[in-house]
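In: quick one, what's the 3D model for this:
(chains A, B, C and D)
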There are 2 protein chains.
Amino acid sequence: MRKNTLGSLIWLRIARFTHQSNLLSNDFLKQYGITAAQFDVLNQISTYQPITQNQLAIKATVSEGGISRMLTRLEQEGYIQRKQDWKTKWISLTSKGEDKMLEVFEHQLTFQTSIVNESLTEEEQKTLYTLMTKLQKSTENKIEN
Amino acid sequence: MRKNTLGSLIWLRIARFTHQSNLLSNDFLKQYGITAAQFDVLNQISTYQPITQNQLAIKATVSEGGISRMLTRLEQEGYIQRKQDWKTKWISLTSKGEDKMLEVFEHQLTFQTSIVNESLTEEEQKTLYTLMTKLQKSTENKIEN
DNA sequence: CATTTTCATTTTACTAATCAAGTGATGACT
DNA sequence: AGTCATCACTTGATTAGTAAAATGAAAATG
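Out: As a prediction, the model looks like this:
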């Protein structure tokens, strides 16, 4: 007989939430013509630009190959530019990319915040943040073994 | 100036944990020759078989098209069988699929559990489970609008 | 009894991710 | 100088996901 542990149930809830909130995010961002994955990467670039692809991959927790393809798409759309300097490519937003982030950032933040605010009190949110941070940091350490 | 809310920080932590724990899961399951996504689907089938593709898609929180392809692969590998009955296809594990789940389930459960146990106390886990359940249920309601 | 509706599943076109092998230029040995 | 290693990035093969259009067979309608 199958018996689940508390740990595995937590795992399942988190996986479901991520999946479903991703669907909602993509649906919400559709009106701005970008996907949730693109928003995340543009947001990282906006924060850390100019940044190399290598560093960006780490910030966005995506593989080298993944960021390469992602940037190709974003470059085609005209949101970012890659400046080759020696062997490194420095990534930054174009003015179109800056405008897009200016247009979208606040709304996406409000969108995410409201979903959390609707189901949890301020106190609960603080607790959840603390616990998730513990969990995530510990997983992060395991990755860098 | 960019200012993040508690809600958006929670969102970020959850997304990171999911992504990283998925990498770990895939890495762990590699020795058994299956992926984390395949394990999840096989696990659902094992629990609810026989089950239609439609219901399975809901259980596994995957789109109709997604489950169709996934099952094609699992069928090719010989883990599942599809029995056409009227217009419905009933999915169940083959004996090879049953064996695989018997081999993997306990280990994957232990793997997931240990990651949570290593970073959180029993009490913290209960709290986290309660909060994540609230959050996830609320998101689920938004999806079915 | 022919036609339309319904419905489960499949397919198409796309985004996105991984790992691993391939490029191509810089720089460091011998 | 010639070879070799390194490094940042790209590419190929595969898995996985979505939305939306297409299939195909049964049921319902007129």
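In: close to DNA strand C: what parts of chain A are there?
Out: Counting by C-beta under 7 Å from any atom of the strand, chain A comes close to DNA strand C at A:35-38, A:41, A:61-66, A:69-70, A:73, A:86-87. To be clear about C-beta, it is placed using only N, CA and C from the backbone, and glycine gets the same treatment.
In: of these, just say which sits nearest to DNA strand D.
Out: Using C-beta to the nearest atom of the strand, A:Gly65 comes nearest to DNA strand D of the residues of chain A next to DNA strand C, at 2.7 Å.
In: contacting residues for the closest one?
Out: By C-beta atoms under 8 Å, 6 or more residues apart in numbering or on different chains, no residues touch A:Gly65.
In: the one 3 residues further on now?
Out: Applying C-beta under 8 Å, 6+ apart, one finds that A:Ser68 lies in contact with A:Gln53.
In: count of neighbours near A:Gln38?
Out: When neighbours are counted by other C-beta atoms under 10 Å in any protein chain shown, A:Gln38 registers 20.
In: actually A:Leu93, not the one I typed
Out: A:Leu93 has 19 nearby residues by other C-beta under 10 Å.
In: list the contacts of it.
Out: Counted by C-beta under 8 Å, 6+ apart, A:Leu93 has contacts A:Leu42, A:Ile45, A:Ser46, A:Gln49, A:Tyr79, A:Ile80, A:Gln81, A:Met101.
In: pretty sure the first one sits against A:Leu74.
Out: Same thing as A:Leu42. Yes. Between A:Leu42 and A:Leu74 there is a contact at 7.0 Å, judged by C-beta atoms under 8 Å.
In: A:Thr113 contacts B:Leu9, correct?
Out: No. Look at A:Thr113 against B:Leu9 with C-beta under 8 Å: they stay out of range, at 9.8 Å.
In: in what helix or strand does the nearest residue to A:Thr133 once chain neighbours are set aside lie?
Out: Of all residues not flanking A:Thr133 in the chain, B:Arg13 sits nearest, at 5.7 Å (C-beta to C-beta, 6 or more residues apart in numbering or on different chains). Using DSSP states H and E, B:Arg13 maps to helix B:6-29.
In: next, the angle from that helix to helix A:6-29.
Out: For helix B:6-29 against helix A:6-29, the angle between stretch directions is 120 degrees (axes from the mean of the first three to the mean of the last three C-alpha atoms, to 10 degrees).
In: list the buried ones in helix B:6-29?
Out: Buried residues in helix B:6-29, counted by 16 or more other C-beta atoms under 10 Å in any protein chain shown: B:6-25, B:28-29.
In: mutual contacts of A:Leu42 and A:Leu74, please.
Out: A:Ile80, A:Gly97.
In: pLDDT score for the spatially most central residue of chain A?
Out: Central residue of chain A (C-alpha atoms, centre = their mean): A:Asp40, 3.8 Å from the mean position. For A:Asp40, the pLDDT comes out at 96.
In: that one: what's it in contact with?
Out: Going by C-beta under 8 Å, 6+ apart, A:Asp40 touches A:Ala60.
In: do you know how far it is from A:Leu74?
Out: From A:Asp40 across to A:Leu74, the span is 11 Å (C-beta to C-beta, to the nearest Å).
In: please apply the same query to A:Glu106.
Out: Separation of A:Glu106 from A:Leu74 (C-beta to C-beta) stands at 20 Å.
In: need the helix or strand of chain A with the lowest average pLDDT.
Out: Using mean pLDDT, DSSP states H and E, the weakest-scoring helix or strand in chain A turns out to be strand A:80-85, at a mean of 87.
In: in whatever helix or strand comes next after it, which residues are buried?
Out: Per DSSP H and E, the first helix or strand lying C-terminal to strand A:80-85 is strand A:88-93. Neighbour counts over strand A:88-93 (16+ other C-beta under 10 Å) mark A:Lys89, A:Ile91, A:Ser92, A:Leu93 as buried.
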